[in-house]
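A.B. asks: Below are the sequence and a predicted model; questions follow.
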Amino acid sequence: MTTRPLILGLTGSIGMGKSTVAAMFADCGVPVFDADAEVRRMQGPDGELVPAIEAAFPGSTGPDGVKRAALGAIVFADADALARLESIVHPAVQAKREQFLAANSTAPIVLFDIPLLFEKGLEAGVDQVVVVSAPAEVQRARVLARPDMTEAKFADILGLQVPDAEKRARADHVIDTGVTLEETRAAVEELVDKLIA
């Protein structure tokens, strides 16, 4: 019988501290697969997805890889174009995820950092879901402190995401990031110890 790691899916709405919590899992020795970082790498200079994206969307790439603003302008207003882009990106990310799992097959736990886990119906691909969550006013202050963020942009992003209350209800584990970093770190360490035990 082959054993494989317990696969945790980490998700949370914008500004909830997901990246911070992912780093805490990594600090506990849990291998972390960051889908967004992988996509940025594959779309960056000499990235393996650049030729396919240029072929599908002429003029959307350059020497530094995908011109994110130019590509965004093409796909965000056009559902067919977005579907075409996703058909290029998603299989590549899935292949990277499988390579990551194979490379970490002896770890007791691995973590998939998936921002749109529920929105894209990806919870079936993980064993347990960890949601990072903070009170709405904490989330709002964090997000509006970001450069180039506006009330309208924040509202648009929230409108595309599964509400925090629903994410918490669907989670196997909730990590509260509305407390001190030390308290959040202690909660992550406790969860990792519990899952390994």
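C.D. replies: Okay, I see it. The structure presented is a predicted model; accordingly, all values stated were derived computationally and were not measured.

A.B. asks: so how far is whichever strand or helix holds residue 53 from its chain's centroid?
C.D. replies: Using DSSP states H and E, residue 53 sits within helix 50-56. With Cα atoms, centre = their mean, to the nearest Å as the basis, helix 50-56 stands 23 Å off its chain's centre.

A.B. asks: on contacts alone, who are the packing partners of that helix?
C.D. replies: strand 61-62, strand 65-66, helix 79-103 (3 or more Cβ pairs under 8 Å, 6 or more residues apart in numbering; DSSP states H and E). Bear in mind the C-beta positions are built from the backbone N, C-alpha and C, glycine included.

A.B. asks: Try it again at 6 Å.
C.D. replies: strand 61-62 (3 or more Cβ pairs under 6 Å, 6 or more residues apart in numbering; DSSP states H and E).

A.B. asks: Mean confidence (pLDDT) on the strand it packs on, please.
C.D. replies: What strand 61-62 shows for mean pLDDT is 94.

A.B. asks: Also stretch 153-167?
C.D. replies: Stretch 153-167 comes out at a mean pLDDT of 91.

A.B. asks: What are the boundaries of the strands in the chain?
C.D. replies: 6-11, 32-34, 61-62, 65-66, 109-113, 128-133, 173-176 (DSSP state E).

A.B. asks: Let me see the domain layout of the chain.
C.D. replies: 1-31+109-197, 37-103 (automatic domain parsing).

A.B. asks: Could you provide the ones you listed in CSV, with additional columns for mean neighbour count?
C.D. replies: Output for the domains of the chain, formatted as CSV (neighbours: other Cβ atoms under 10 Å):
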stretch, mean neighbour count
domain 1-31+109-197, 16
domain 37-103, 15
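
A.B. asks: about what we covered before: average pLDDT for the helix holding residue 53, rounded please.
C.D. replies: 95.

A.B. asks: outside of that helix, which residues touch it?
C.D. replies: 61, 65-66, 84, 88 (Cβ atoms under 6 Å, 6 or more residues apart in numbering).
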